[in-house]
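Novice: What would the 3D arrangement of this be:
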Amino acid sequence: EVLLWNLWTFLALFLSFHSVYEIGYYENDFKAALREDRPQVNPAVRAFGDYPIARMGWFWGAALGCLAFVPGLFSSAASTAPDSWLVGLLRTSGEGADSPRALVFLLSIAVWTAVLLATRGIFRIHNRLPVSWRTSSFALLQGAKLTAFAAFFQLTVLGAALIVAQVMRHLSNYVVYRQS
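Specialist: Take a look at the predicted model:
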């Protein structure tokens, strides 16, 4: 049961996150590129200029984010919630295993909403920065993309090291892309 909960939660949060994250890519292709000297945008992308990605991205991000935590409403919060800092915080506050399932559900949605809003905010700032300043914000975006799930799943030291390595790999590619 716990494995299924974790798989469902991860899949739904992954799709939720990327539904919102892609708004930033769209914005980068259609808005930020207008302020660049040498924008590198595929001409085929222009066909999607009028797509309502912000509305649909937030719709699917919110819907999938909420659906990620629904199984916890129908089974024991202590036995099915991913072992995360959030559940640990409830346990140390004396609630934990006895927390009302609705409380865990609402807190999970609140934390996930904060993750989505913070990531969207970083991408929005990134797309408004001059091209020469975007390297730092790009590193933040990659870090957000790879650590968003740490709000609900335990992150080990090895996992953190792999995330740092992955951010550095993406960052080096981005620096080469921006310098060419």
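
Novice: any weak-confidence spans in the protein?
Specialist: 1, 32-37, 39-41, 75-99 (pLDDT under 70).

Novice: In it, mark out all the strands, start to finish.
Specialist: Counting by DSSP state E, the chain has no strands at all.

Novice: all helices in it, in order from the N-terminus.
Specialist: Ranges of helices within the chain are 2-30, 53-69, 77-80, 85-92, 101-128, 134-147, 157-179, based on DSSP state H.

Novice: any chance of those helices in JSON lines, plus mean neighbour count and distance to Arg46?
Specialist: Backbone N, C-alpha and C define where each C-beta goes, glycine included. Below are the helices of the chain laid out as JSON lines (neighbours: other C-beta atoms under 10 Å; distance: least, C-beta to C-beta, whole Å):
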{"stretch": "helix 2-30", "mean neighbour count": "18", "distance to Arg46": "8"}
{"stretch": "helix 53-69", "mean neighbour count": "18", "distance to Arg46": "14"}
{"stretch": "helix 77-80", "mean neighbour count": "17", "distance to Arg46": "46"}
{"stretch": "helix 85-92", "mean neighbour count": "15", "distance to Arg46": "42"}
{"stretch": "helix 101-128", "mean neighbour count": "17", "distance to Arg46": "17"}
{"stretch": "helix 134-147", "mean neighbour count": "18", "distance to Arg46": "22"}
{"stretch": "helix 157-179", "mean neighbour count": "12", "distance to Arg46": "20"}
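
Novice: now the ones you listed as a markdown table including distance to Arg38?
Specialist: Shown next, in a markdown table, are the helices of the chain (distance: least, C-beta to C-beta, whole Å):
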| stretch | distance to Arg38 |
| --- | --- |
| helix 2-30 | 14 |
| helix 53-69 | 24 |
| helix 77-80 | 51 |
| helix 85-92 | 43 |
| helix 101-128 | 16 |
| helix 134-147 | 14 |
| helix 157-179 | 10 |
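
Novice: among these, which is nearest Ala44?
Specialist: Closest to Ala44 of the helices of the chain is helix 2-30 (C-beta to C-beta; 10.9 Å).

Novice: Run the angle between the closest one and helix 53-69 for me.
Specialist: Between helix 2-30 and helix 53-69, the angle comes out at 170 degrees (axes from the mean of the first three to the mean of the last three C-alpha atoms, to 10 degrees).

Novice: re the thing from before, ok, which of the helices of the chain comes nearest Asn42?
Specialist: Of the helices of the chain, the one closest to Asn42 (C-beta to C-beta) turns out to be helix 2-30, at 8.3 Å.

Novice: Please name every helix or strand in contact with the closest one.
Specialist: For helix 2-30, the elements it packs on are helix 53-69, helix 77-80, helix 101-128, helix 134-147, judged by 3 or more C-beta pairs under 8 Å, 6 or more residues apart in numbering; DSSP states H and E.
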